[in-house]
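1. show me the folded form of this:
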Amino acid sequence: MTTTNASVRKAVIPVAGLGTRFLPATKAMPKEMLPVVDKPAIQYVVEEAVKVGLNDILMITGRNKRALEDHFDRVPALEATLEAKGDTAKLESIQAASNLGDIHYVRQGDPKGLGHAVLRARQHVGNEPFAVLLGDDLIDARDELLSTMIEVQAKTGGSVVALIEVEPSQISAYGCADIEEIDGEGYVRINKLVEKPDIEDAPSNLAVIGRYVLHPEVFNVLDKTEPGRGGEIQLTDALQELAAGQGDGHGVYGVVFRGRRYDTGDKLSYLKACVQLAIDSDDLGPGLRDWLPGFTAGLTK
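-> Have a look, this model is predicted:
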């Protein structure tokens with residue numbers, strides 16, 4: 001049994017996936033390094049963690065992920081060149097990435113699924129609650145999610161998942177939550193998690209997205225979790241056991257997010273995310289908003 005009253009200080013970001021949906025672009029470059037407007041997708045995720053005080057970050061990496069480490073490292077020669085040119089804006093932009101937080105790396109080794117990737121963080125995390133952020137979901141910096149989840153974890157002592165409402169016809173693409181309202185609270189209790197259910201079998205239209213705040217008891221559960229869907233160790237299976245169990249570290253809760261979320265999980269959603277964030281940017285937004293109506297008006301189906 002794992003007992004802890006610690007606050008959340010650490011974030012785990014699994015980045016060992018092969019990114020096959022984006023081939024051939026990801027043949028030699030990690031999908032997490034694909035640019036979303038003017039920053040790689042992974043930087044948005046790290047910035048989200050740092051914004052809520054999670055300055056100790058562990059990335060679970062794999063082969064061909066060296067570019068991630070390089071991105072968050074110093075490049076003295078480049079910095080010196082920009083400084084000599086007086087290009088302060090670009091100098092500050094590259095220094096921002098290397099000054100974000102204390103970033104560590106460990107390889108997943110065998111590609112045994114998200115649950116296995118999270119389990120690889122056990123030694124670094126230790127006996128305290130921690131956040132897990134998946135790179136396919138970008139949360140707008142203007143909206144609160146992770147800080148709310150951390151508050152719920154502290155209040156309940158369990159684990160917390162992020163949920164969004166989707167059209168019932170789309171629920172089969174997500175993990176789905178069977179929930180129970182809690183009187184007077186802004187979060188829900190998770191009774192059961194169903195991975196990609198058929199539309200007629202879905203217990204709700206609440207889909208799990210890639211933000212978790214987990215009690216360290218999850219490591220004990222993952223340690224004995226057998227491979228599930230796809231022959232991989234599924235984090236969902238471990239959370240299901242925590243939701244059904246009793247005692248310290250058990251209980252799973254959900255925070256329903258109604259803010260701005262950008263999905264970069266496949267080519268089309270990635271392109272939509274780029275357009276959405278570009279339109280909202282101060283430098284590109286005005287020009288893009290002026291150009292788009294004329295461009296779309298000229299399109300034929």
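2. going forward, measure contacts and count neighbours with C-alpha atoms only.
-> OK.
3. pull out the buried positions in stretch 13-28.
-> By 16 or more other C-alpha atoms under 10 Å, the buried positions in stretch 13-28 come out as 13-19, 22, 26.
4. what's the pLDDT at the residue sitting nearest the centre point of the chain?
-> Note on the chain: the residue nearest the mean C-alpha position is Leu134, at 2.4 Å, using C-alpha atoms, centre = their mean. At Leu134, the model reports a pLDDT of 95.
5. mind listing what it touches?
-> Shown in contact with Leu134 (C-alpha atoms under 8 Å, 6 or more residues apart in numbering): 13-15, 45, 210-211.
6. what about Arg66, how many residues nearby?
-> 12 (other C-alpha atoms under 10 Å).
7. what separation do you get for it and Met33?
-> 11 Å (C-alpha to C-alpha, to the nearest Å).
8. do a quick rundown of the helices in the stretch 51-200 of the chain.
-> For the stretch 51-200 of the chain, the helices defined by DSSP state H, counting those that start in this stretch cover 66-71, 76-85, 88-98, 114-119, 122-125, 146-156.
9. please work out the average pLDDT along the shortest one.
-> Along helix 122-125, the predicted confidence averages to a pLDDT of 95.
10. can you check the second one too?
-> Model confidence over helix 76-85 averages 94 on the pLDDT scale.
11. show me which positions of that helix end up buried.
-> Buried, per 16+ other C-alpha under 10 Å, within helix 76-85: 79, 82.
12. same thing with the last one?
-> Of all the residues in helix 146-156, those buried under the rule 16+ other C-alpha under 10 Å are 146-150, 152-154.
13. output the residues you listed in JSON lines, with distance to Gly287 appended to each entry.
-> Output for those, formatted as JSON lines (distance: C-alpha to C-alpha, whole Å):
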{"residue": "Leu146", "distance to Gly287": "32"}
{"residue": "Ser147", "distance to Gly287": "34"}
{"residue": "Thr148", "distance to Gly287": "35"}
{"residue": "Met149", "distance to Gly287": "37"}
{"residue": "Ile150", "distance to Gly287": "38"}
{"residue": "Val152", "distance to Gly287": "41"}
{"residue": "Gln153", "distance to Gly287": "43"}
{"residue": "Ala154", "distance to Gly287": "44"}
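14. among those, which one sits closest to Leu284?
-> Ranked by distance to Leu284 (C-alpha to C-alpha), the buried residues of helix 146-156 are led by Leu146 at 27.7 Å.
15. which residues touch the closest one?
-> So Leu146 contacts 49, 52, 211 (C-alpha under 8 Å, 6+ apart).
16. again, only using 10 Å
-> By C-alpha atoms under 10 Å, 6 or more residues apart in numbering, the contact set of Leu146 is 48-49, 51-52, 131-133, 139, 152, 160-162, 211-213, 255, 257.
17. so which of the contacts of Leu134 are in helices?
-> Val45 (DSSP state H).
18. so how far is Leu242 from Gly228?
-> 16 Å.
19. what of Arg211?
-> Arg211 is 17 Å from Leu242, by C-alpha to C-alpha.
20. next: Gly259.
-> Gly259 sits 27 Å away from Leu242, going by C-alpha to C-alpha.
21. same check on Ser147?
-> Ser147 is 22 Å from Leu242, by C-alpha to C-alpha.
22. do the same with Gly19
-> In terms of C-alpha to C-alpha, Gly19 sits 30 Å off from Leu242.
23. check Ile94 too.
-> From Ile94 to Leu242 the distance is 41 Å (C-alpha to C-alpha).
24. show me which of those two is the more surrounded one.
-> Neighbour tally, Ile94 and Leu242, criterion other C-alpha under 10 Å: the higher count belongs to Leu242, 25 against 18.
25. check which helix or strand the more buried one maps to.
-> helix 235-244 (DSSP states H and E).
26. so what's Gln170 scoring on pLDDT?
-> Value listed for Gln170 in the pLDDT field: 88.
27. could you list every helix and strand in contact with the particular helix or strand that has Phe295 in it?
-> Take DSSP H and E as the rule and Phe295 turns out to sit in helix 285-297. Packing partners of helix 285-297 (3 or more C-alpha pairs under 10 Å, 6 or more residues apart in numbering; DSSP states H and E): helix 267-280.
28. and the angle for the helix it packs on with helix 285-297?
-> Interaxial angle of helix 267-280 relative to helix 285-297 (axes from the mean of the first three to the mean of the last three C-alpha atoms, to 10 degrees): 130 degrees.
29. what mean pLDDT does helix 267-280 have?
-> For helix 267-280, mean pLDDT is 94.
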